[in-house]
Each structure stands twice: as C-alpha cells, then as structure tokens.
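[1] quick one: sequence plus predicted model below, questions after.
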Amino acid sequence: MFARVAKRKLYQVATRHIAKNHVCQRACMATDVSTLTAKLHDVDPEIYNIIELEKKRQRESIVLIPSENFTSRAVMDALGSVMQNKYSEGYPGARYYGGNEYIDMAERLCQKRALDAFGLDPQKWGVNVQALSGAPANLYVYTAIMKPHDRLMGLDLPHGGHLSHGFQTDTKKISAVSVFFESMPYRVDERTGLIDFDMLQKTATLFRPKVLIAGASAYARNWDYAKMKKVASSVNAYLIADIAHLSGLIAAGVLPHPFDHADIVTTTTHKSLRGPRGAMIFYRKGLRSVDKKGKEIMYDLETPINQSVFPGFQGGPHNHTITALAVALKQTKHSSFVEYQKQVLKNAKAMEEAFAKMGYVIVSGGTDTHLLLLDLRLQSIDGARVERILELANIAANKNTVPGDKSALIPFGLRMGSPAMTTRGLVESDFTRLCAFIDRGISIAKDVSRGLPSTKFKDFKEAVGDGSMIKELTDLKKEVTEFASAFPAIE
C-alpha cells in the first residue's frame, strides 16, 4: 500500500514537472515566433539603417550605369514573399521534394510569360528560368553544348565584350570560360567602332569555333544577327545571342530580334527588362538543318541545357526570384512598358547629341541602344578618375575600356546608359542637363590631375578625399542632389 502511494506521489510530481517544462517550452517558442514576425527595424536596426541609407543614395543620385535599373514595387513584393521558403530541386512535375504544387505553378507561368514576352512559339522554343545570373547562365550553356577545350568566339572585352564570353589577355586567362574552353576574340574596326565582319569571317574560318557569341556589355550599336548567323553557319557553329543589356528593348519591339537567327539566347532579367536579378536561357527545338544526303538534323538542346543548370551546376532554384520574374514578364506586355523603352532610346540619343555638341568623342560615333561610350583620350583624362569625381557628386557612371586601351583598371572610356533614370521619369531635356553635370565633373577631374606631381591613381584618390575640400565638386553635388530628388523613386 505504501509503495502504491509513493508511486502515485512520484507520478504527480513528475507530471507537474513535465507540464511546467511544456509551459516553458511554449513560452520560448512564443518568443521565437514573435521574433519571426517582428519588423526589420526592430530585429536588426543596423541593417535597417544601411538599407535606409541606400534608399537615400538612390533617391538623391543620378544613376547612369547601363546595367542598373529600378524594379517595381510588385516585383519587390514577390521577391520578399513566402516563395523563398520552399526548396524545390528539379523541374516542374519532377521535383526531389514534396509540397511543390504552387512552386510548379509559378515556374510554369514564368516560362509561359517568358516565351510570350518575345513572341515565341513553344513548339519551336523552350526556356529555362532557373539560372541565378547572366555569367553562370552562359557557362551552363557552354558546358551543355561543348566539351572541355572546345572553341568559342566572343567580342573582345576592350572592344565592348563581356568577361563571360571567354576573355583572356596575352599572358593570363581572366575568365574561367577561357580556362575550360579555348577562346578567340573578334573585334571592332578601331576606325569606326563597328564590328569588323570581314575579319570576323576570316578568323572564324581559321579558328573554326563550336560557338559564336553575339553580345556585349559596351557595344552601343545594333547587332546584325543575320550576318552573325551567316558566319556561324559557315563553320557549323552554334550562334548564341547574349541580350542581357537589350532584352527589355527587344521584348518591346524597339530593337532587332535575335530569335530569327540565334540557336540559343541568354539574358539577365534586371537590366532593361526591369525585373529581379536572375537569368533566362532560351533554346531552339525541332529542325536544325538538313545534311548533304537530305537527312534532317534535329536540335538537341533542351535536355543538355536543363541538365547543365540542374544538377550540373545548381541545386535548388531561387523560387522567390522566379516568381518575381513572372511578374516583371507580365509587365512587358503593358503598353506603358513599350513607351518606356521608346523613351530609353530617345534619352540615349539626347545624351549622344549633347556630348557631340560639347566636342566629346563617342565610340562608334553614337548609339542605337540604351548606352553610349565616351572616349576621353582627347580630354587627357581617364575614366577611372572621372568615375571617382562623378561618384562624389552623386552621379553613378562607370569607367570602361575603349578600343585601343591597354588597361582595364585605368581605361579611357566612360560608359553611361539611360534605363534607370528613364524609369524615374526623365525625358530628353533632363538628360541634356545630366550631360552638362558630367561635363563639369570631367573638368574637375582634369583640374585635380593637373595639380598633382604624381600620375598614380591612388594619389589622385588621396588628393580628392571625400570631395568636401573641392568647392566646385561640392557645388556640383548639391545641384545633382536637388535635381535627382525632384523625381519619384521606388522605395
């Protein structure tokens, strides 16, 4: 009897102890849940403050970097949604995890909208929307259709090309692409700044690449995709069009379409397309060619490209980005998007005309696109020094190589574009005024350089400091800040 009583008391004590622990655990869990639902400014004031400072910088700055833009509130809402919580290795209908019903819906819708944005027939084209950004997307494509040390040709970086197209110097392989594959650049005619198609054809005939790339990061003229395809076909190469900079303009129908000629098209999604930071890979389906015996040769790109993306290089895709991209692609079908892209071109032309009137040399003589490239050699100043002065005046542009440059770190080019400030509502007359601001910045850079005994860039930076001791620079910054702040910004 005594044993039973002792056991009962022991059981009661244990039960009370367990219940107490459960209460403590629930209290701790409640605290954790409250942390999960708290606002950023309460959870992490330091990061919140950094973001607020970046908002202020964007609001008070003139952004002329051609690869930058301001995405919409709707896109940012999708980026910050619950779609980022889900893991989904694989492709719609063939995932390695459960619970992907709505992830599949979002990705399929994104793919459909991607094809619709460029007017593509899904029987003839497919698209992968999982690539994380542009340079990796290009690598995924190369790996899908080439073996190690196969050959590719892309526009030389100092002539306007991109690192991911296989850039290397005489002494060093810079891009990993040039390590894994054998790359040979083609170039522009330095007298005209235009692609030298005669030399391209001769080089391709000798080099016989497996891949020819039509794309650039600082080439301001339209691409002749028909000519590029002719060269590619002459050596049985794939033609890849990298339209990272141009995709929004192409979707709007204001620039030439590469899809009639290219075998594969890659693009980022955050530049002129004005979406989140991601990438897309479009690939052809169906008949590729007919051989000499009349046998049909079909495209075999879909499976190799998809397998190169996953599981070849990536694991789980960024579902919040894919969902946000679907939103941006829907926006391309609105008439306001077409009008925006038309204004992007008008504003770039306004910059061309303004700089030409001021006597500046523009590479290729002007622009057909959203960007232009100044050659500052006649001003006896380099792009690196000008970039620094402009940055201190709240103007974001970037130094860039021009044909004939010897250094990518201290080049003589200054690259500018119109997409970001066009998004904020600027028109031609506003861009003409921006050019006057830039002209003043160039003059300040020249004045500072002339007063220094050293030609080293680090000495220039030390002399300039934060710019507060140069009256002309502080005056310019004040005017730029007031000007930029007058236009709407998405925050």
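    In hand now; what should we look at?
[2] mind listing the helices for the stretch 351-491 of the chain?
    383-392, 419-423, 428-450, 457-464, 471-485 (DSSP state H, counting those that start in this stretch).
[3] of those helices, flag the one that's most buried.
    helix 419-423 (a mean of 25; mean count of other C-beta atoms under 10 Å). Quick note: C-beta positions are derived from backbone N, CA and C, even for glycine.
[4] distance between that helix and the chain's centre?
    15 Å (C-alpha atoms, centre = their mean, to the nearest Å).
[5] between the helices of the stretch 351-491 of the chain, which gets nearest to Lys292?
    Nearest of the helices of the stretch 351-491 of the chain to Lys292, taken as C-beta to C-beta: helix 419-423 at 46.5 Å.
[6] and the gap between Gln414 and Gly154?
    Just to correct that, residue 414 is Leu rather than Gln. Using C-beta to C-beta, to the nearest Å, we find Leu414 at a distance of 23 Å from Gly154.
[7] the residue nearest to Pro256 when sequence neighbours are not counted sits in which helix or strand?
    Closest residue to Pro256 in three dimensions, ignoring its sequence neighbours and counting by C-beta to C-beta, 6 or more residues apart in numbering: Asn222, at 5.5 Å. Counting by DSSP states H and E, Asn222 is held by no secondary-structure element, helix or strand.
[8] one more: Glu107?
    Applying DSSP H and E, one finds Glu107 within helix 101-117.
[9] in that helix, what counts as buried?
    Buried residues in helix 101-117, defined by neighbour count with 16 or more other C-beta atoms under 10 Å: Ile103, Asp104, Ala106, Glu107, Leu109, Cys110, Gln111, Arg113, Ala114, Leu115, Ala117.
[10] dump the helices of the stretch 351-491 of the chain into JSON lines; add distance to Ala232 and mean pLDDT as well.
    Listed next are the helices of the stretch 351-491 of the chain as JSON lines, based on distance: least, C-beta to C-beta, whole Å; pLDDT from 0 to 100:
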{"stretch": "helix 383-392", "distance to Ala232": "33", "mean pLDDT": "98"}
{"stretch": "helix 419-423", "distance to Ala232": "29", "mean pLDDT": "99"}
{"stretch": "helix 428-450", "distance to Ala232": "36", "mean pLDDT": "98"}
{"stretch": "helix 457-464", "distance to Ala232": "40", "mean pLDDT": "96"}
{"stretch": "helix 471-485", "distance to Ala232": "44", "mean pLDDT": "98"}
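[11] mind listing what the residue nearest to Pro256 touches?
    Leu255, Pro256, Asp368, Thr369 (C-beta atoms under 8 Å, 6 or more residues apart in numbering).
[12] returning to what we had before: which of the buried residues of helix 101-117 lies closest to Met351?
    Ala117 (27.0 Å).
[13] was I right about that closest one contacting Ile250?
    No - using C-beta atoms under 8 Å, Ala117 makes no contact with Ile250, being 9.1 Å away.
[14] for stretch 397-416, measure first residue to last.
    Stretch 397-416 has an end-to-end distance of 6 Å (criterion: C-alpha to C-alpha, to the nearest Å).
[15] so, low pLDDT: which residues of the stretch 1-150 of the chain?
    Along the stretch 1-150 of the chain, segments meeting pLDDT under 70 span 1-31.
[16] quick one on the thing from earlier: contact partners of the helix holding Glu107?
    83, 86, 88, 91-93, 95, 121-122, 125-127, 129-130, 251, 280, 282, 317, 319, 322-323, 325-326, 329-330, 332-333.
[17] so what are the domain limits for this protein?
    According to automatic domain parsing, the chain comprises the domains 80-331, 337-485.
[18] distance between the ends of the shortest one?
    Right, domain 337-485. Termini of domain 337-485 sit 23 Å apart (C-alpha to C-alpha).
[19] which one of the domains of the chain lies nearest to Thr37?
    domain 80-331 (12.8 Å).
[20] endpoints of that closest one, how far apart?
    Note: domain 80-331 ends 18 Å apart using C-alpha to C-alpha.
[21] from the chain's centroid, how far away is it?
    13 Å.
[22] could you do stretch 374-394 as well?
    That offset, for stretch 374-394, works out to 23 Å (C-alpha atoms, centre = their mean).
[23] so Gln307 is in which element?
    Per DSSP H and E: helix 302-307 holds Gln307.
[24] list the buried residues of that helix.
    Glu302, Pro304, Ile305, Asn306.
[25] if we can go back for a sec, next helix or strand past the helix holding Glu107?
    strand 125-128.
[26] just checking, what packs against that following strand?
    helix 101-117, strand 279-284, helix 302-307 (3 or more C-beta pairs under 8 Å, 6 or more residues apart in numbering; DSSP states H and E).
[27] parallel or antiparallel, which strands does that strand pair with?
    strand 279-284 (antiparallel) (DSSP bridges).
[28] packing partners of the helix holding Gln307?
    Checking 3+ C-beta pairs under 8 Å, 6+ apart, helix 302-307 ends up next to strand 125-128, helix 134-145, strand 279-284.
[29] alpha carbons of that helix, as PDB, please.
    What follows is helix 302-307, C-alpha atoms only, in PDB (Å, rounded to 0.1, in the frame of the first residue of the first chain):
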ATOM      1  CA  GLU A 302      16.600  21.200 -74.100                       C
ATOM      2  CA  THR A 303      17.900  18.200 -72.100                       C
ATOM      3  CA  PRO A 304      21.600  19.100 -72.100                       C
ATOM      4  CA  ILE A 305      20.800  22.700 -71.100                       C
ATOM      5  CA  ASN A 306      18.400  21.800 -68.400                       C
ATOM      6  CA  GLN A 307      20.800  19.100 -67.000                       C
END
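[30] name the residues that touch it?
    By C-beta under 8 Å, 6+ apart, helix 302-307 touches Tyr91, Gly126, Asn128, Tyr140, Val141, Ala144, Ile145, Ile264, Ile281, Tyr283, Lys285.
[31] then stretch 355-372?
    Outside stretch 355-372, the residues that reach it (C-beta under 8 Å, 6+ apart) are 66, 160, 188, 192-194, 218-222, 245-246, 249, 255, 272, 344-345, 348-349, 351-352, 373-379, 402-403, 413, 415-419, 435, 439.
[32] and the domains of the chain: which comes nearest Ile50?
    When those are compared (using C-beta to C-beta), the closest one is domain 80-331, at 16.6 Å.
[33] circling back: the domains of the chain: which one's closest to Glu60?
    Judged by C-beta to C-beta, the one of those that comes nearest to Glu60 is domain 337-485, at 4.6 Å.
[34] what's the neighbour count on Val338?
    Using other C-beta atoms under 10 Å, Val338 has 15 neighbouring residues.
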